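*Asks:* requesting a structural model of the entry that follows:
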Amino acid sequence: MSYSQLQQEIAYSINQDNFDQWLDCIPELNKLTITPQDPIYHGEGNVWIHTQMVLRALIAQDDFAASSDEDKFVLFMTALLHDIAKPETTIIDELSGRISQPRHSQKGAISSRILLWRLGIDFELREKICRIIDVHQVPFYALSDNSNNKSPQWLIHRLSWELPVWMLCMQAKADILGRISADKARMVDEVELFKQLALEEGCLYQSRQFIDDYTRVHYFRGDNVLPDYALYPQKGSKVILLSGLPASGKNSWISKHYPQLPVASYDDARSELKLKHGQNEGLVIQFVLAKVKQYLRDNQPFIWNATHLSRDMRQKALDLLYAYHAEVEIVYFEQPEKTLYQRNSSRDTSLPNKKITQMLSKWQVPLPTEAHKVTYLVS
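*Replies:* The predicted structure is shown next:
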């Protein structure tokens, strides 16, 4: 389905107060109809019943009616897809019968990204949807959970750089109103307090302002700095960290824009070591890391060319770069699925298309909070 067709379906759903057609439009949603939920938190029944209740609670909010068509699209699709990964994450305890769905938010964001990418949805709209799904439970506990030793203000500051916080609050409120649970009123209050704090911090409708990007990066990495006071920068390499699926255009981009810069590349390492994909990956990693560390010690500008597809994978690379005080720009590449497979089949590589498909399960687009600058090159 195209964006315009989805818009038509949304309008129909709202006018008719009927969401059954979405089971045909997006077949992946059918599993929600047979996926149970813990009755303590979801006395309404299965995930599809909950999803419909959330959609109604969202549409009933005054802010939804006042939103633009694009914002309504983001809000509606977020509510529709927010629990799409519950079927694959459901665990039923054999002794107690309690039901849990761990990490369904994070996995739901990836599943939604793949689904919307294949439908050809605009990158910016898609990423708003996926980023909200990824953290849609955060407002439930942000003010009371101190497990990460971060203040609620810090969390809201970070979120304001990643997504529209006002949309996150609308989704969270609808998520609570769209269920039957004993602590429903308390949870609604938690979301409202989260919204009020975001408003007080100036982050409900815009990003938290920082005195400079260097200070911002260190603040979001957890250093003891304040947004309004500049942290004295320590000199390090200027590094362009590439991110994107194989065959998305990284090598061509380097050749066109930075042919003079040295490159640390796992593919180049495999060629030098005469290894195929999957062969002695430990040796390949050591080979590349040795080159990266040498560039960093020399304060040499360079490009780190790899997929860096998951947040954890990028975090390991960024931890190393920031340990050497590097100034980092992440450049993210994206192509349509058909283009990726065609390009990969026509190039000299030992990486099969099947492997690219498997990599989609780890696909997390870089966030603006990860580096001094993040550039998105999307076809």
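*Asks:* hey, C-alpha coordinates of the host helix or strand of residue 354 in PDB?
*Replies:* Applying DSSP states H and E as the criterion places residue 354 in helix 353-359. This file holds the C-alpha atoms of helix 353-359, laid out as PDB (Å, rounded to 0.1, in the frame of the first residue of the first chain):
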ATOM      1  CA  ASN A 353      21.300 -11.500  -0.500                       C
ATOM      2  CA  LYS A 354      19.900 -14.000   2.100                       C
ATOM      3  CA  LYS A 355      22.400 -12.600   4.600                       C
ATOM      4  CA  ILE A 356      21.200  -9.100   4.000                       C
ATOM      5  CA  THR A 357      17.700 -10.200   4.700                       C
ATOM      6  CA  GLN A 358      18.800 -11.700   8.000                       C
ATOM      7  CA  MET A 359      20.600  -8.500   9.000                       C
END
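*Asks:* and residue 189, what does it touch?
*Replies:* By C-beta atoms under 8 Å, 6 or more residues apart in numbering, no residues touch residue 189. Just so you know, the C-beta spots here come from the backbone N, C-alpha and C atoms, and that holds for glycine as well.
*Asks:* elements contacting the single longest strand found in the chain?
*Replies:* Counting residues, the longest strand found in the chain (DSSP state E) is strand 327-334. Secondary-structure packing of strand 327-334 (3 or more C-beta pairs under 8 Å, 6 or more residues apart in numbering; DSSP states H and E): strand 238-243, helix 250-257, helix 311-323, strand 373-378.
*Asks:* in its sheet, what does that strand sit against?
*Replies:* strand 238-243 (parallel), strand 373-378 (parallel) (DSSP bridges).
*Asks:* got the buried residues for the first one?
*Replies:* For strand 238-243, burial by neighbour count (16 or more other C-beta atoms under 10 Å) applies to 239, 240, 241, 242, 243.
*Asks:* I'd guessed residue 102 sits against residue 88; true?
*Replies:* No - Residue 102 is not in contact with residue 88 according to C-beta atoms under 8 Å; the separation is 11.0 Å.
*Asks:* so for these two, which residue has more residues nearby?
*Replies:* residue 88 (14 against 10; other C-beta atoms under 10 Å).
*Asks:* for the more buried one, which non-adjacent residue is closest in space?
*Replies:* residue 107 (6.7 Å; C-beta to C-beta, 6 or more residues apart in numbering).
*Asks:* residues contacting residue 163?
*Replies:* Residue 163 touches 128, 131, 132, 135, counting by C-beta under 8 Å, 6+ apart.
*Asks:* one more pass at 10 Å, please.
*Replies:* Applying C-beta atoms under 10 Å, 6 or more residues apart in numbering to residue 163 gives the contacts 74, 78, 127-135, 207, 367-368.
*Asks:* just the residues you listed: which are in helices?
*Replies:* 74, 78, 127, 128, 129, 130, 131, 132, 133, 134 (DSSP state H).
*Asks:* pLDDT at the nearest residue to the last one once chain neighbours are set aside, what is it?
*Replies:* Of all residues not flanking residue 134 in the chain, residue 109 sits nearest, at 3.7 Å (C-beta to C-beta, 6+ apart). According to the predicted model, the pLDDT of residue 109 comes to 98.
*Asks:* was I right to think residue 109 contacts residue 162?
*Replies:* No - the criterion here is C-beta atoms under 10 Å, and residue 109 misses it with residue 162 at 11.5 Å.
*Asks:* overlap of the contact sets of the two?
*Replies:* 127, 131, 132, 134, 135.
*Asks:* confidence score at the third one?
*Replies:* The per-residue pLDDT reported for residue 132 equals 98.
*Asks:* contacting residues for it?
*Replies:* 74-75, 77-79, 81-82, 105, 109, 112, 138, 159, 162-165, 167-172.
*Asks:* let's go with 8 Å and repeat that
*Replies:* Contacts of residue 132 (C-beta under 8 Å, 6+ apart): 74, 78, 82, 163, 164, 167, 168, 171.
*Asks:* most neighbours of all the residues you listed, which one?
*Replies:* Busiest of the contacts of residue 132 [other C-beta under 10 Å] is residue 82, holding 30 neighbours.
*Asks:* what does that one show for phi and psi?
*Replies:* phi -60, psi -30 (degrees, to the nearest 10).
*Asks:* neighbour count for residue 109 and residue 162, which is higher?
*Replies:* residue 109 (25 against 20).
*Asks:* so which bits of the helix or strand encompassing the more buried one are buried?
*Replies:* Assessed by DSSP H and E, residue 109 sits inside helix 104-118. Across helix 104-118, burial judged by 16+ other C-beta under 10 Å covers 104-117.
*Asks:* with pLDDT and distance to residue 315 added, can I get the contacts of residue 132 in JSON lines?
*Replies:* Formatted as JSON lines, those follow (pLDDT from 0 to 100; distance: C-beta to C-beta, whole Å):
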{"residue": "74", "pLDDT": "98", "distance to residue 315": "27"}
{"residue": "78", "pLDDT": "98", "distance to residue 315": "25"}
{"residue": "82", "pLDDT": "98", "distance to residue 315": "25"}
{"residue": "163", "pLDDT": "98", "distance to residue 315": "19"}
{"residue": "164", "pLDDT": "98", "distance to residue 315": "24"}
{"residue": "167", "pLDDT": "98", "distance to residue 315": "26"}
{"residue": "168", "pLDDT": "98", "distance to residue 315": "22"}
{"residue": "171", "pLDDT": "98", "distance to residue 315": "26"}
